[in-house]
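>>> this one's structure only:
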């Protein structure tokens, strides 16, 4: 019962914080809007991941870019299971106007083996092809697995629309990583933060 009440209270609090972020409740901190060329970023993505140089990214190639793979359904306009440079550019262009309004608030919950890793740091790392102006956003898991993200620097809540690799890390007393490399140094987790994102994001991970 106590656990259920705690979770309910946390969800209410989480929603309140997200609302405050979304509508700027008393926030005075500012952060630079990342400027980038969707077409140039798309070309760089093809250069980096198009291994067979056929001008599109297939499922094998997208496996090396989890964030792009995560937006395949939304970006693949002709529904052929491939991403072309123009399709990627069109999807990236979708972020520009939203980012002008500042970081986007998202609800993010992370559970490992069904348990919240209290104190674990969750970092959203922007894909390099987006350019140097995109910053990481990070936060710490609470007792029910919820993460409040802040743009690099720790002052502005949220995350800019973009394509991110998700890294989850928690060190023991000796400074050793306690979470599998597939979730941090060699992460297989990708996330698109987009203007049409609906609802909260829940990541249910396993240690095996």
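Good, I have the coordinates. Everything quoted here is computed from the prediction, not taken from an experiment.

>>> Can you give the distance of the strand ranked longest in the chain from its chain's centre?
Taking DSSP state E as the criterion, the chain has its longest strand at strand 162-169. Centroid separation for strand 162-169 versus its chain: 5 Å, with Cα atoms, centre = their mean, to the nearest Å.

>>> And that strand, what does it pack against?
Judged by 3 or more Cβ pairs under 8 Å, 6 or more residues apart in numbering; DSSP states H and E, strand 162-169 is in contact with helix 66-70, strand 121-126, strand 190-193. For glycine as for every other residue, the C-beta is placed from the backbone atoms N, C-alpha and C.

>>> how about these, which one is nearest residue 96?
Closest of those to residue 96 is strand 190-193, at 13.4 Å (criterion: Cβ to Cβ).

>>> That closest one: partners in the sheet, and parallel or antiparallel?
Here strand 190-193 is paired, per DSSP bridges, with strand 162-169 (antiparallel).

>>> those helices in this structure, which residues are they?
Secondary structure of the chain (DSSP state H): helices at 2-23, 38-49, 59-62, 66-70, 72-75, 85-93, 96-100.

>>> Now the weakest link among the ones you listed, please, by mean pLDDT.
Ranked by mean pLDDT, the helices of the chain bottom out at helix 2-23, with a mean of 39.

>>> Any idea how far apart the tips of stretch 42-61 sit?
Length of stretch 42-61, first residue to last, Cα to Cα, to the nearest Å: 14 Å.

>>> contacting residues around residue 114?
By Cβ atoms under 8 Å, 6 or more residues apart in numbering, the contact set of residue 114 is residue 204.

>>> Any figure for the gap between it and residue 140?
Noted for residue 114: a distance of 19 Å to residue 140, by Cβ to Cβ, to the nearest Å.

>>> Likewise for residue 188?
Look at residue 188 and residue 140: by Cβ to Cβ, they are 22 Å apart.

>>> who has more neighbours, those two?
The residue with more neighbours, out of residue 188 and residue 140, is residue 140; 16 against 13, by other Cβ atoms under 10 Å.

>>> Counting neighbours, what do you get for the closest residue in space to that one that isn't next to it in sequence?
Closest residue to residue 140 apart from its sequence neighbours, by Cβ to Cβ, 6 or more residues apart in numbering: residue 121 at 5.7 Å. Neighbour count of residue 121, defined by other Cβ under 10 Å: 17.

>>> Report whether the expected contact of residue 121 with residue 138 is present.
Yes: contact between residue 121 and residue 138 holds when scored by Cβ atoms under 8 Å: they sit 6.0 Å apart.
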